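Novice: Next comes the sequence, and after it the predicted model I'd like to discuss.
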Amino acid sequence: MSHSEESKNLESSLHGLAESFLSRRALLAGAGGLGAASLLGLGETSSASAAAKKTVRWANWGLYLDYDNKSHKYPTLEAFKKATGYNATYQEAIDDNDSFTAKVAPQLRIKRDIGYDVVVPTEWMASQWVANKWVQRFDDAAVPNKKNVLPFLANRPFDPGRHYSLPWAGIIAGVAWNKKALPKGINTLDQLFSNSNKGRIEVLSEMRDTVGLVMMWQGTDISKPFSADKFHNAVDFIAKKVKDGYIRQIKGQSYSEDLVSGDAIAVIGWSGDINQLNLQNGNQFGFAIPESGGTFSTDNMMIPSTSPNKAGAEALINYYYDPVVAAKVANYITYICPVAGAQEAMAKINPAQAKNTLIFPDEKMWAKLKVFRDLTKKEKSDFSTAFQAASGNG
């Protein structure tokens, strides 16, 4: 298959069939920028409420749960409440792993309630939460659907046996673009960083995704041991592109807003976000895994050590690992589904999505994706410092 054909297939997958849905982000924009809590009545995060043991407070990323614009509710979350008797609040509180963790770490350190019973950090950050003992161990008997996690995700170095985390979704980082501005699309980082895109490029503040894509483009296998020089070569490239005015911003998930406004026409971004933007904006954006490869990671459901409602959190987590529920979520968010049996369930819910390789990757797609290797404590510190400096935050 040619690269142009592959891009067309990815674009087709991204377009999907969920045209009747409108994401919460679009609803917020239409409401003149009202906060999520104000608009949807989901802002209650008090310790007193959670102490009643009937409310589960969930912090997640944007565009990451099935949403019905007619009812202004999340259908699967409403079904959870009806099935279990628990109330549940949901907030798009995470835009970036570092910034979110920085906000809640002081409370975690002094063992004070952070206002959430379930959080969803990316794997590398989840490993830090586990190492810092900021999460509670699951009672496996309370999470029987844990058995449905795909085998290759059932054990991870930071959490053998998955006693503290379960993968919410798999994430593909690649390149995305405005199809009107760039009708020929982007298949390489050479094309992304071309002179014609200067000043209108944005890249992710998630270090492993942005630096990982650049390192692969420079010929480094990020899943295997590599020297610090390889990492710093990539960071130096990014720093120069920032200094020379090619990269306008390095930011979290809010890069999607700049694609919509037209301030950015090309980005390093996440596949699921681009699908959601296309549903809102008439399929204006393209997405591709670069020829040199893309990154794969997972966001993970975890129970903070300070949560007073562990039983409710476990009930919520268990609910979302039912294959039918997982398929309903995946049909909307279009990220890689980590639940065995969900593809078969999707065939009944939305047959076309059951064949969507951005949800259920085939072997050819898996071959182009790499997981950024584990870093030592010193590497984490040194690499993060270098990347922050390149981003202008050093």
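Specialist: Sure, I can see it.

Novice: Could you look up the SS state of the nearest residue to D258 once chain neighbours are set aside?
Specialist: The shortest distance from D258 to any non-neighbouring residue, by C-beta to C-beta, 6 or more residues apart in numbering, is to A264 (4.0 Å). All C-beta spots, glycine's among them, are computed from the backbone N, C-alpha and C. Recorded secondary structure, A264: coil (DSSP: H, G, I helix; E, B strand; the rest coil).

Novice: How about W168?
Specialist: Following three-state DSSP, we place W168 in the strand state.

Novice: and it, how many residues sit next to it?
Specialist: If you count neighbours by other C-beta atoms under 10 Å, W168 ends up with 28.

Novice: do the one 10 residues further on as well
Specialist: The tally of other residues near N178 (other C-beta under 10 Å) stands at 19.

Novice: residues touching the residue nearest to it when sequence neighbours are not counted, list them.
Specialist: Spatial nearest neighbour of N178, chain neighbours left out: I265 (4.4 Å); criterion: C-beta to C-beta, 6+ apart. By C-beta atoms under 8 Å, 6 or more residues apart in numbering, the residues touching I265 are W177, N178, A181, L182, N197, R200, I201, L259.

Novice: Redo these as JSON lines? Include distance to K310, secondary structure and pLDDT.
Specialist: JSON lines is the format used below for these (distance: C-beta to C-beta, whole Å; DSSP: H, G, I helix; E, B strand; the rest coil; pLDDT from 0 to 100):
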{"residue": "W177", "distance to K310": "44", "secondary structure": "strand", "pLDDT": "98"}
{"residue": "N178", "distance to K310": "45", "secondary structure": "strand", "pLDDT": "98"}
{"residue": "A181", "distance to K310": "49", "secondary structure": "coil", "pLDDT": "97"}
{"residue": "L182", "distance to K310": "48", "secondary structure": "coil", "pLDDT": "98"}
{"residue": "N197", "distance to K310": "48", "secondary structure": "helix", "pLDDT": "98"}
{"residue": "R200", "distance to K310": "46", "secondary structure": "coil", "pLDDT": "98"}
{"residue": "I201", "distance to K310": "44", "secondary structure": "strand", "pLDDT": "98"}
{"residue": "L259", "distance to K310": "39", "secondary structure": "helix", "pLDDT": "97"}
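
Novice: Check those residues for burial and list the buried ones.
Specialist: Taking 16 or more other C-beta atoms under 10 Å as the criterion, what is buried in those is W177, N178, L182, N197, R200, I201, L259.
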